[in-house]
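K.L.:
Return a 3D structure for these sequence lines:
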Amino acid sequence: MSKSSAKENIVIVGGGLSGTTLAKELSAKLDHSKYDLIVVESRPYLVYMIGGARMSVTTEDGAVDSYLFEYDKFFAPGKGTVKKAKVEKIVPNADGRGGELELSGGEILPYRFLVLATGSKWTGPVDFPESDADIRQFVSQWQQRFKSAEDVVIVGGGAVGIELAGELRDEYPEKKITIVHGSDKLLNDAYPNRFRKYVASQLRARGIDLLLGEYADQFPASGSGEVVFRSGRKIHAALVVVTSGPVPNTAVIGDSLGQDVLTARKNVRVLPTLQLPSQPSIFAIGDIIDWNEQKQAFKANGHASVVAANILSLLSGSKAQKKYKTGPEMMLVTNGKNGGAMYVGLLWGIIFGNWAAKMLKAKDVGLSMMIPRMNGA
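P.N.:
As a prediction, this is how the structure comes out:
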């Protein structure tokens, strides 16, 4: 906002699924005669991370573009803008009412309310870079690595590792694929053992080997080499891929606001209103928040609903009253384009198999549900 402008800025830092979900909701509800809605993001478009594994494996011509979405499509015309930049520093005002961002290139961006939606840092084939050219080169390189490797060892048996294995089996029916996981069951103990065992049985049925209860202490970051386990066991792989889990992308938040705003795991501490306890003008959503729930893309809807309601309430002179509550845990993990498993944490815990996974996600990694979100607000 320039000094001559009467408008105040509502700024969202991060253009992932959480940030764009909130931007779409605020775009529809803000009084744009008084407020400008701005998303700050270093990438030129949203990379659809839910389809990250498929994008990095498939060799279909032009498939990459199916997973890249221009940001302006998430706003109604004239009701939001995207600023391609990195945040170098967050500087709240001393009275707690608003503040400003120092952006790459030296620009200063004032805000009335700030929402931190910086997401996670990933590893391996879903650690996408920032520029269009670099993203396309990165994807092409991984596609070639997978194609050339005689065998693939995936270190990490969470959702990304499982889905990557399924995509590889679709593309390369004869390739040897192994998942290494430190626990004696895939995924984590947020899900019941019977679901975790069911997912394992689906993978084994497709000829994917599982090394469970084995901690990989030494392995090449990516490429060929030896994997050394804590047990003393060793295996050699033509291609080792690390999918051992993301870390919160919160370095600039801690550096700017003080490390006490973060937990030991570098998640952002939030109130039930999703405001930072010491910063009433700053909210946080998505994977970065310290909340007792699994980090999953579909949670973005709940986070965005709470923050949008509270920002609108505060702008009207009322208090932030809407509180976030975690719903039942759910998981839908694909096993290629035609299968997978789904868990819904209701009643005794309901498990669905290949048909549900294919219809809801596996067939197109959820793109059919993503497209309507880009119809403006």
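
K.L.:
Next, Pro128: secondary structure please.
P.N.:
One correction, residue 128 is Phe, not Pro. The three-state label for Phe128, taken from DSSP: H, G, I helix; E, B strand; the rest coil, comes out as coil.

K.L.:
can you count the residues close to it?
P.N.:
18 (other C-beta atoms under 10 Å). Where you see a C-beta, it was placed from the backbone N, CA and C, and this is true even at glycine.

K.L.:
That one is in contact with Gly52, isn't it?
P.N.:
Yes: counting by C-beta atoms under 8 Å, Phe128 does reach Gly52; the two are 7.2 Å apart.

K.L.:
Spit out the residues that contact the two alike.
P.N.:
Taking C-beta atoms under 8 Å, 6 or more residues apart in numbering as the contact rule, Phe128 and Gly52 both touch Trp122.

K.L.:
Strands along the stretch 201-350 of the chain, start to end?
P.N.:
Ranges of strands in the stretch 201-350 of the chain, per DSSP state E, counting those that start in this stretch, are 209-212, 216-218, 222-229, 234-242, 247-248, 275-276, 279-284, 330-334, 340-344, 350-352.

K.L.:
quick one: which of those strands is nearest Thr21?
P.N.:
Closest to Thr21 of the strands of the stretch 201-350 of the chain, according to C-beta to C-beta: strand 279-284, at 13.3 Å.

K.L.:
Do I have it right that Gly286 meets Gly119?
P.N.:
Yes: counting by C-beta under 8 Å, Gly119 is a contact partner of Gly286 at 5.8 Å.

K.L.:
who's more crowded, those two?
P.N.:
Ranked by neighbour count (other C-beta under 10 Å), Gly286 and Gly119 place Gly286 first, with 27 against 23.

K.L.:
Might you report the residue contacts of the residue nearest to Gly207 when sequence neighbours are not counted?
P.N.:
Spatial nearest neighbour of Gly207, excluding adjacent residues (C-beta to C-beta, 6 or more residues apart in numbering): Arg169 at 7.0 Å. Residues in contact with Arg169 (C-beta under 8 Å, 6+ apart) are 175, 177, 206-208, 335-336.

K.L.:
do that again at 10 Å, thanks
P.N.:
Shown in contact with Arg169 (C-beta atoms under 10 Å, 6 or more residues apart in numbering): 57, 175, 177, 203, 206-208, 335-336.

K.L.:
Which among those count as buried?
P.N.:
57, 175, 177, 203, 206, 208, 335-336 (16 or more other C-beta atoms under 10 Å).

K.L.:
residues contacting Asp170?
P.N.:
Contact partners of Asp170, counting by C-beta under 10 Å, 6+ apart, are 54, 57-58, 206, 334-339, 362.

K.L.:
now with 8 Å?
P.N.:
Applying C-beta under 8 Å, 6+ apart, the residues contacting Asp170 are 57, 336-338.

K.L.:
Just the pLDDT for it.
P.N.:
Model confidence at Asp170, given as pLDDT, is 98.

K.L.:
Ser368 too?
P.N.:
86.

K.L.:
where does it land in three-state SS?
P.N.:
Ser368 ends up helix, using three-state DSSP.

K.L.:
That one and Ala362, how far apart?
P.N.:
12 Å (C-beta to C-beta, to the nearest Å).

K.L.:
With Tyr198 instead?
P.N.:
Per C-beta to C-beta, Tyr198 is found 15 Å from Ala362.

K.L.:
So if I had to pick from the two, which one is more boxed in?
P.N.:
Applying other C-beta under 10 Å to Tyr198 and Ala362 shows that Ala362 carries more neighbours, namely 27 against 16.

K.L.:
which non-adjacent residue is nearest the more buried one?
P.N.:
Nearest to Ala362 is Thr334, by C-beta to C-beta, 6+ apart, at 4.1 Å.

K.L.:
I figured the one you found was touching Leu360, is that so?
P.N.:
No: using C-beta under 8 Å, Thr334 is not in contact with Leu360, being 9.4 Å away.

K.L.:
of the two, who's got more company?
P.N.:
Thr334 (29 against 16).

K.L.:
do you know how far the more buried one is from Gln202?
P.N.:
For Thr334 relative to Gln202 (C-beta to C-beta), the value is 10 Å.

K.L.:
With Ile38 instead?
P.N.:
Distance from Ile38 to Gln202, by C-beta to C-beta: 44 Å.

K.L.:
quick one: which of these two has more around it?
P.N.:
Remark: of Ile38 and Gln202, Gln202 carries more neighbours, 22 against 19, as counted by other C-beta under 10 Å.

K.L.:
nearest spatial neighbour of the more buried one, skipping sequence neighbours?
P.N.:
Asn335 (5.2 Å).

K.L.:
and if you look at Lys363?
P.N.:
Closest to Lys363 by C-beta to C-beta, 6+ apart is Lys337, at 6.1 Å.

K.L.:
And for Gln279?
P.N.:
Going by C-beta to C-beta, 6+ apart, Gln279 has Pro92 as its nearest residue, at 5.6 Å.
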